[in-house]
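>>> What follows is a predicted protein model with its sequence.
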Amino acid sequence: MPASTPRLVAFDLDDTLAPSKSPIDPRIGDLLIALAERVEVAIISGGQLAQFRSQVVDRLPAASAETLGHVHLMPTCGTQYYRLTGGEIETVYAHSLTDDEKTRALTAVEEEARRLGLWESETWGDILEDRGSQITFSALGQRAPLEAKTAWDPTGAKKNALREAVAARIPDLEVRSGGSTSVDITHRGIDKAYGMTQLAEVTGIPLDDMLFIGDRLDPDGNDYPVLALGVACHAVHGWPDTAAYLDALIPTLPAR
């Protein structure tokens, strides 16, 4: 349990609330609503809004508009921010890359992936995706099955090598290891710590009163910037681990 009672609990999405690109289990849906009845709930991920909708929003159990209003959605690591208002997804802000930035990012990541032998010929969907505020490289395609993604780079060495090579090409942009097979490119300074800082600014809740739950809090992981920011963090290994932790946490939080 965190040292103090959090007023906001934030989550990574893939491999924290659900398997990569997969819908949340009904148990997680119930726990997220139970949590939102007590504190603010945020989800911060490199994924785009469509993933948030299909993986989480469309899978939540019935809840009051008041409870859903305490859910914060931050795709592409917080460069986009949405709230659930009256059952609809409302845009708070969205900071997109320029056309020049997108072109340079797409060119650099494709050329470096080919040079390193990481451009696969058999894929499930697009390898490159323009998410507006983020360019994402997915080695096996956007719809690759979980088993294939898990087997592609179990140590993270391939992603890290690609990240370093691309970062050297476009030093004015941020290049990060994303999910199990992905590399994400955004404006400089954009990571999950940015998303948490934006949450503090918009909600007025200090970072000291927040808790972050994620599966990649290791120094090479895309959740690590939140830990480095000084936010209280809890590491998990898959959604059942998250569910077990929430089962213990939620009863300790006062109802509104």
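Looks like it arrived, so ask away. Bear in mind that the values here come from a model prediction, so they are computed numbers and not experimental data.
>>> Where do the strands of the protein begin and end?
Assigned by DSSP state E, the strands in the chain fall at 8-11, 40-44, 71-74, 80-85, 88-94, 128-130, 135-138, 173-177, 182-187, 210-214, 232-235.
>>> With distance to residue 60, mean neighbour count and mean pLDDT as new columns, can those strands be given to me in TSV?
The C-beta positions use only the backbone N, C-alpha and C, and glycine is treated the same way. Listed next are these as TSV, based on distance: least, C-beta to C-beta, whole Å; neighbours: other C-beta atoms under 10 Å; pLDDT from 0 to 100:
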stretch	distance to residue 60	mean neighbour count	mean pLDDT
strand 8-11	13	24	98
strand 40-44	10	24	97
strand 71-74	8	24	96
strand 80-85	9	19	93
strand 88-94	12	12	91
strand 128-130	25	16	95
strand 135-138	25	26	96
strand 173-177	28	22	91
strand 182-187	25	25	92
strand 210-214	17	25	97
strand 232-235	22	18	96
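>>> Dump the ones you listed into TSV; add distance to residue 31 as well.
Converted to TSV, these look like this (distance: least, C-beta to C-beta, whole Å):
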stretch	distance to residue 31
strand 8-11	10
strand 40-44	10
strand 71-74	13
strand 80-85	17
strand 88-94	21
strand 128-130	30
strand 135-138	28
strand 173-177	28
strand 182-187	26
strand 210-214	11
strand 232-235	14
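>>> wait, which of those is closest to residue 145?
Each of these was scored for nearness to residue 145 using C-beta to C-beta, and the closest is strand 135-138 (12.5 Å).
>>> who does the closest one touch, helix- and strand-wise?
helix 99-115, strand 128-130, strand 182-187 (3 or more C-beta pairs under 8 Å, 6 or more residues apart in numbering; DSSP states H and E).
>>> Kindly recompute the last result at 6 Å.
Helices and strands touching strand 135-138, by 3 or more C-beta pairs under 6 Å, 6 or more residues apart in numbering; DSSP states H and E, are helix 99-115, strand 182-187.
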